[in-house]
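>>> 3D, please:
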Amino acid sequence: MTDTLSPPNPAELTISIGRGTLSFSATEPGDGAHAISHEPYVVKSGISMAANLREAFRTSTLLAANYRQARVEVDAPVLLVPAEIYDQATSPELFAYTFPRQAHHAVLSQPVEELGVVVVFGMNKDLKQVIEDHFQSVCFVNAITSVWQQLHRHSLAGVRSRLYAYFHAGWIDIFSFSKNRFKFANQFDAANADDALYYLLYVWKQLMLKPEHDELFLLGQLPRPTDDNAGEQWLTDELRRYVGRVDAISLDQL
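Numbers count the residues shown, from 1 in each chain. Model (predicted):
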């Protein structure tokens with residue numbers, strides 16, 4: 001089991017591993033600013049992500065720069081464990097019980113102190129090994145945590161309760177905060193807007209949020225409904241029939 005610690009190197013390489021996507025970025029300190037380089041990698045179908053990354057190490061300009069340390073952001077399902085009961089020794093067993101299809105994965109953990117939780121997630125062992133073979137120090141994080149952290153700060157403004165929905169790679173993360181804790185957090189397969197509408201209204205009702213007062217925020221690439229003629233605005237329009245305050249926003253706006 002690997003606990004994640006942020007490397008102190010000011011020149012940082014980030015490897016982003018999505019569900020079928022791979023990209024690299026780097027920040028270099030400059031005079032009062034940071035230069036950012038970004039390099040997407042075209043993932044080849046038919047071979048594993050580990051094999052794709054091995055190939056990327058042979059062809060990528062950024063990966064050829066010989067960084068000693070790297071930050072790896074993994075888009076993967078998470079198990080949230082309250083920090084006060086988290087036990088590193090038992091978390092692999094708990095993770096395997098929660099996600100039996102990933103029982104063979106390497107189990108990683110990441111504390112999110114401002115929310116009082118430890119994020120436990122899995123990663124393909126071969127893929128993890130490829131990364132560790134190329135760097136002296138690696139910080140593994142779950143990609144959703146930076147979204148949580150930014151929206152948690154956003155949720156503290158105002159007096160209304162806020163529900164958030166983050167769409168990515170055919171999935172939807174729905175979450176809400178109560179001060180410095182999660183009030184709700186779960187992930188659903190929502191490749192189309194019809195399913196997303198059902199999940200969002202179900203959670204809204206479960207949390208007993210008030211349509212005339214509380215707020216719903218949508219982020220990411222919103223899915224389309226099964227009726228292709230309905231358009232990309234369909235989900236937002238349907239939600240506004242039941243929830244008075246619905247806004248599509250981006251993290252850059254906050």
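>>> Report how many residues lie close to Leu200.
Leu200: 25 surrounding residues under other C-beta atoms under 10 Å. Yep, even glycine has a C-beta here, placed from its N, CA and C like the rest.
>>> That one: which element?
helix 193-206 (DSSP states H and E).
>>> I would like the residues contacting that helix, please.
With contact meaning C-beta atoms under 8 Å, 6 or more residues apart in numbering, helix 193-206 is reached by 163, 165, 167, 172, 174, 184, 186, 188-190, 211, 216, 222-226, 230, 234-235, 238-239, 242-243.
>>> Which positions within that helix qualify as buried?
Buried residues in helix 193-206, counted by 16 or more other C-beta atoms under 10 Å: Ala193, Asp194, Asp195, Ala196, Leu197, Tyr199, Leu200, Leu201, Val203, Trp204.
>>> nearest to Val119, of the residues you listed?
Of all the buried residues of helix 193-206, Val203 has the smallest distance to Val119: 20.0 Å, by C-beta to C-beta.
>>> where does the chain have low pLDDT?
Along the chain, the parts satisfying pLDDT under 70 run over 1-11, 29-34.
>>> thinking again about what came up before, roughly how far is the helix holding Leu200 from the heart of the chain?
Relative to its parent chain, helix 193-206 has a centroid offset of 20 Å by C-alpha atoms, centre = their mean, to the nearest Å.
>>> After the host helix or strand of Leu127, which helix or strand is next?
Taking DSSP H and E as the criterion, Leu127 maps to helix 125-132. Reading on from helix 125-132 to the C-terminus, the next helix or strand found by DSSP H and E is strand 137-142.
>>> related to what we said a few turns ago, and the helix holding Leu200, C-alpha only, in PDB?
The C-alpha trace of helix 193-206 is given here as PDB (Å, rounded to 0.1, in the frame of the first residue of the first chain):
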ATOM      1  CA  ALA A 193     -28.700  12.900 -19.800                       C
ATOM      2  CA  ASP A 194     -31.800  10.800 -19.000                       C
ATOM      3  CA  ASP A 195     -29.900   8.800 -16.400                       C
ATOM      4  CA  ALA A 196     -28.200  11.900 -15.100                       C
ATOM      5  CA  LEU A 197     -31.600  13.600 -14.600                       C
ATOM      6  CA  TYR A 198     -32.900  10.600 -12.600                       C
ATOM      7  CA  TYR A 199     -29.800  10.400 -10.300                       C
ATOM      8  CA  LEU A 200     -29.700  14.200  -9.700                       C
ATOM      9  CA  LEU A 201     -33.400  14.500  -8.800                       C
ATOM     10  CA  TYR A 202     -33.200  11.300  -6.600                       C
ATOM     11  CA  VAL A 203     -30.300  12.800  -4.600                       C
ATOM     12  CA  TRP A 204     -31.900  16.200  -4.400                       C
ATOM     13  CA  LYS A 205     -35.000  14.600  -2.900                       C
ATOM     14  CA  GLN A 206     -32.900  12.300  -0.600                       C
END
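>>> Could you list the paired strands of the following helix or strand past that helix along with their orientation?
Scanning forward in sequence from helix 193-206 by DSSP H and E, the next helix or strand is strand 215-220. Partner strands and pairing direction for strand 215-220 (DSSP bridges) are strand 162-168 (parallel), strand 245-248 (parallel).
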